[in-house]
Structures are given as C-alpha cells and as structure tokens.
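Chemist: Requesting a structural model of the entry that follows:
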Amino acid sequence: MIVALLSVELYLPMSGSLKDKRMVLRRVKDRLKAFNVSVAEVAHQDLWQRAGLGVATVASSEDMAGETLTSVLREIERLEPGLVVQSQVEYLR
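Modeler: Just a heads-up that it's a prediction; the model follows:
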C-alpha cells in the first residue's frame, strides 16, 4: 500500500476577495471528486490570491498513485490554466 500526497501552489490573480478565491477552489475541488482523492486547502487560507492545496490518494503501487496524481494535476491545469505555480509529489510507505 502506498499513500501519495500532491502539494499544489496556485496563484489566483483574478481574486479580489476571499469569496472569489473560495469560488475557484470549490470548482476545482468539486471536479477532483471524480478522481476519488481527498482534497483540502492547506496553506494561505487568509490570502486572496494564493492557495495551497493538498491532494492525497491511496493505491496498491507507486505507479498507480503517481498516475492518479498526474491526472489530478492535469485536471487542475485544464480547469484553471496557468495558475499552478508549483507542485510536488511525495510517497509514504
């Protein structure tokens, strides 16, 4: 069993308030439900134009977990093009 964590840093230049930011993040989180992953805002909760998301998955192999998180990252880029500033994947055994 492998637990994998994707950390994603987003820059949201169009957000003028926390409400605008929450609308964008809600849309992203709702779309990621299809990937059967857990998603949470884990950083920059008080900033309007930055967001840090944590995405976790559990799989039977590192390859499967990596494929899932790669698909998640592609979906975030598709929904909000150009907003991903940084991403990192960690595997826990």
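Chemist: mind listing what residue 51 touches?
Modeler: 9-10, 12, 21, 24-25, 41, 43-44 (Cβ atoms under 8 Å, 6 or more residues apart in numbering). C-beta here means a position set from N, CA and C on the backbone, and glycine is covered the same way.
Chemist: Could you do residue 35 as well?
Modeler: Applying Cβ under 8 Å, 6+ apart, we find residue 35 in contact with 57, 68, 71-72, 75.
Chemist: repeat for residue 5
Modeler: 54-56, 89-92.
Chemist: Centre of the chain to the helix ranked longest in the chain, how far?
Modeler: Of all the segments of type helix in the chain, defined by DSSP state H, the longest one is helix 62-79. Offset of helix 62-79 from its chain centre (Cα atoms, centre = their mean, to the nearest Å): 9 Å.
Chemist: circling back: write a PyMOL command that selects only the buried members of the contacts of residue 35.
Modeler: To isolate the buried ones among those in PyMOL, judged by 16 or more other Cβ atoms under 10 Å, type:
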select buried, resi 57+68+72
